[in-house]
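# need a structure here:
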Amino acid sequence: MRKNKSGVVYLTAARMIDVVAGEVVAGAAVVIEEGRIAAAGPARDLPCPERARRIELGGATILPGLIDMHVHVTSRADSFGYQGLAVSVPAQAVSGVAHAMTSLQAGFTTLRNVGASGYADVALRDSINAGETVGPRLFVSGPLIGATGGHCDCNLLPASYTDIGEGVADGPEGLTHKVREIHKYGANLIKLCATGGVLSKGTSVGAQQLTYEEMKAAVDEAHRLGMKVAAHAHGTSGINDAIRAGVDTIEHCSLASDESFALAKERGAVFDMDIYNDDFILSHGAAMGMLPESLEKEASIGKRQRETFRRALKAGVTLSFGTDAGVYPHGDNARQFAKMVEWGMTPMQAIVAATVTSAKALGNLGGDLGAIAPGKHADIIALDADPLADVTALERVSFVMKAGEVYRARGRNVAR
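Numbers count the residues shown, from 1 in each chain. So this is what the prediction gives:
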């Protein structure tokens, strides 16, 4: 068990990426008190406090701990389609413990989990917060809410098994009730399935499955309860109705149109686009149990999603960092940075998306996250190379601190 220690820490490094200003601070220092940042800036202006514990990172580059806004921390990347039927909820919860550690070691100090069976993500979050297990800071949705027979239902088995997704609801009243139920059992946020999806049997990836009225009822109730709402949405009409209904973040956004971009900017919706995992699905999906129809759907939509990402960026839509980890192996989250740069972002823009922008998209949950600045949690990672020169450096994290505690040093796991 690892608990926070009291005291002051003085951390130095060759460079610090200031994600708020979009600048690099040379010869940086950070003062940390009780797990929070007390001061940060050039070391020449920030002397080491008396009796502070020093952490000297030499020629490293430091930046805020990374935030992934779209993961499935209890899901395994080797258990899709009919193979997934053999994985119980307790097994998913146990896997989640391992995946949480792997993610933290990769530099992701905060994860937003958008879908888990049996509230396994709620249990994992609580275990991490209690110090029983080690992992990133988790914000979780519990079960996915979707229509009967839709992307978030259980469509693999025949009717004789009466297998129905625990988040299935129909009609505005049904959606309102389901939001209240998920809030009751401890989730931080709500995840809706507005359209069909790649990995669900028998659904058309772009087809709208929840009506505007259903989504509006869910969003109104969630916001009344102080919860943000994310919506899985590939197709244009589902994306647009989700934005009109007040959804906070739109996931995937594959077929978003110019109208979608305008609506998102007008309503303040954030696009959360998983543009790395197309590579994994098409190269490894069959071996992982993905259905042939899923592979066909991915082949038809993957490049279009990346083209939409580039268009959304040029249109000025706010883009956060979400990868769909769990579809591909946990810990590989940072591979998406290279894709974001390939499809139009600068390295700094990609880093900002995974820090300050994602923290803002979390709303009140992210107020203490996303920057190395006074008052924020001391979530800091270090790299031995400059990610602004080579963004793939983010795939090789050498140091991880979460809330002032070190969990990785010199490229090795030091969590206890």
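# what about stretch 341-356, average pLDDT?
Here stretch 341-356 scores 98 as its mean pLDDT.
# what residues of that stretch count as buried?
Within stretch 341-356, the residues that qualify as buried are 341, 343-345, 347-348, 350-356, counting by 16 or more other Cβ atoms under 10 Å. To be clear about C-beta, it is placed using only N, CA and C from the backbone, and glycine gets the same treatment.
# with stretch 55-68 instead?
I55, L57, A60, T61, I62, L63, P64, G65, L66, I67, D68.
# three-state assignment of the last one?
What it means is D68. The assignment at D68 comes out as strand when based on DSSP: H, G, I helix; E, B strand; the rest coil.
# report the contact partners of it.
S103, F108, T110, L111, R112, F321, G322, T323, A325, N333, A354, S358 (Cβ atoms under 8 Å, 6 or more residues apart in numbering).
# what about 6 Å?
F108, L111, T323, N333 (Cβ atoms under 6 Å, 6 or more residues apart in numbering).
# got the phi/psi numbers for L319?
phi -120, psi 120 (degrees, to the nearest 10).
# that one touches F271, doesn't it?
Yes: in this structure L319 lies within contact range of F271 using Cβ atoms under 6 Å: 5.3 Å.
# returning to what we had before: so which of the buried residues of stretch 341-356 is the closest to D163?
A354 (36.4 Å; Cβ to Cβ).
# burial of I281, as a residue count?
24 (other Cβ atoms under 10 Å).
# no wait, T392
14.
# now do it against V327, distance only.
21 Å (Cβ to Cβ, to the nearest Å).
# for R335, which non-adjacent residue is closest in space?
Excluding the flanking residues, the one nearest R335 by Cβ to Cβ, 6 or more residues apart in numbering is Y276, at 5.2 Å.
# surely that neighbour touches V341?
No: between Y276 and V341 there is no contact under Cβ under 6 Å: 11.5 Å.
# now do the contacts for the spatially most central residue of the chain.
The residue lying closest to the centre of the chain (Cα atoms, centre = their mean) is M69, at 2.0 Å. Neighbour list for M69: R112, D272, S320, G322, S358 [criterion: Cβ under 6 Å, 6+ apart].
# I'd like those residues as JSON lines, with secondary structure, distance to V73 and neighbour count appended.
As requested, the contacts of M69 are exported to JSON lines (DSSP: H, G, I helix; E, B strand; the rest coil; distance: Cβ to Cβ, whole Å; neighbours: other Cβ atoms under 10 Å):
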{"residue": "R112", "secondary structure": "strand", "distance to V73": "10", "neighbour count": "30"}
{"residue": "D272", "secondary structure": "strand", "distance to V73": "16", "neighbour count": "29"}
{"residue": "S320", "secondary structure": "coil", "distance to V73": "17", "neighbour count": "26"}
{"residue": "G322", "secondary structure": "coil", "distance to V73": "13", "neighbour count": "29"}
{"residue": "S358", "secondary structure": "helix", "distance to V73": "16", "neighbour count": "27"}
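# now, which of the residues you listed sits nearest E50?
Nearest member of these to E50, counting by Cβ to Cβ, is S358, at 36.2 Å.
# beta partners for the nearest residue to the closest one once chain neighbours are set aside?
Leaving aside its sequence neighbours, S358 sits nearest to I67 (Cβ to Cβ, 6+ apart; 3.9 Å). Beta-bridge partners for I67, by DSSP bridges, are T110.
# contacts for stretch 89-103 next, please.
By Cβ under 6 Å, 6+ apart, the list of residues contacting stretch 89-103 reads 73-74, 76, 117-118, 120, 123-124, 133-136, 330-331.
# centre of the chain versus that stretch, how much separation?
16 Å (Cα atoms, centre = their mean, to the nearest Å).
# swap in stretch 144-152?
That offset, for stretch 144-152, works out to 21 Å (Cα atoms, centre = their mean).
# now that stretch: mean pLDDT?
Rounded mean pLDDT across stretch 144-152 is 97.
# buried ones in it?
In stretch 144-152, counting by 16+ other Cβ under 10 Å, buried: L144, I145, G146, A147, G149, G150, H151, C152.
# from those residues, pick the one nearest D170.
A147 (5.9 Å).
# tell me how many other residues crowd the spatially closest residue to that closest one that is not a sequence neighbour.
Nearest residue to A147, sequence neighbours excluded (Cβ to Cβ, 6+ apart): Q209, at 4.6 Å. Applying other Cβ under 10 Å, we find 26 other residues in the vicinity of Q209.
# next up, the contacts around Q209.
A147, G150, T195.
# please redo it, this time with the cut-off set to 7 Å
G146, A147, G150, H151, C193, A194, T195, G196 (Cβ atoms under 7 Å, 6 or more residues apart in numbering).
# and the residue lying closest to A393 once chain neighbours are set aside, how many residues sit next to it?
Sequence neighbours aside, A385 is the residue nearest to A393 in space, at 3.9 Å (criterion: Cβ to Cβ, 6+ apart). By the measure other Cβ under 10 Å, the count of residues near A385 is 16.
# so what does the longest helix anywhere in the chain touch, helix or strand wise?
In the chain, with assignment by DSSP state H, the single longest helix is helix 292-315. Other helices and strands packing on helix 292-315, by 3 or more Cβ pairs under 7 Å, 6 or more residues apart in numbering; DSSP states H and E, are helix 277-284.
# the helix it packs on to helix 292-315, inter-axis angle?
Counting by axes from the mean of the first three to the mean of the last three Cα atoms, to 10 degrees, helix 277-284 lies at 160 degrees to helix 292-315.
# quick check: buried residues in helix 277-284?
N277, D278, F280, I281.
# show me the domain layout of the chain.
Per automatic domain parsing, the domain ranges recorded for the chain read 8-65+371-413, 66-366.
# how long is the first one end to end?
End-to-end distance of domain 8-65+371-413 (Cα to Cα, to the nearest Å): 22 Å.
# what about it, average pLDDT?
97.
# off-centre distance for that domain?
22 Å.
# do the same with the longest one
What separates the centre of domain 66-366 from the centre of its chain is 8 Å, taken as Cα atoms, centre = their mean.
# the stretch 201-350 of the chain: strands as residue ranges?
Assigned by DSSP state E, counting those that start in this stretch, the strands in the stretch 201-350 of the chain fall at 228-233, 249-252, 270-272.
# helices and strands around the shortest one, which ones?
Counting contacts by 3+ Cβ pairs under 7 Å, 6+ apart, strand 270-272 is packed against strand 249-252.
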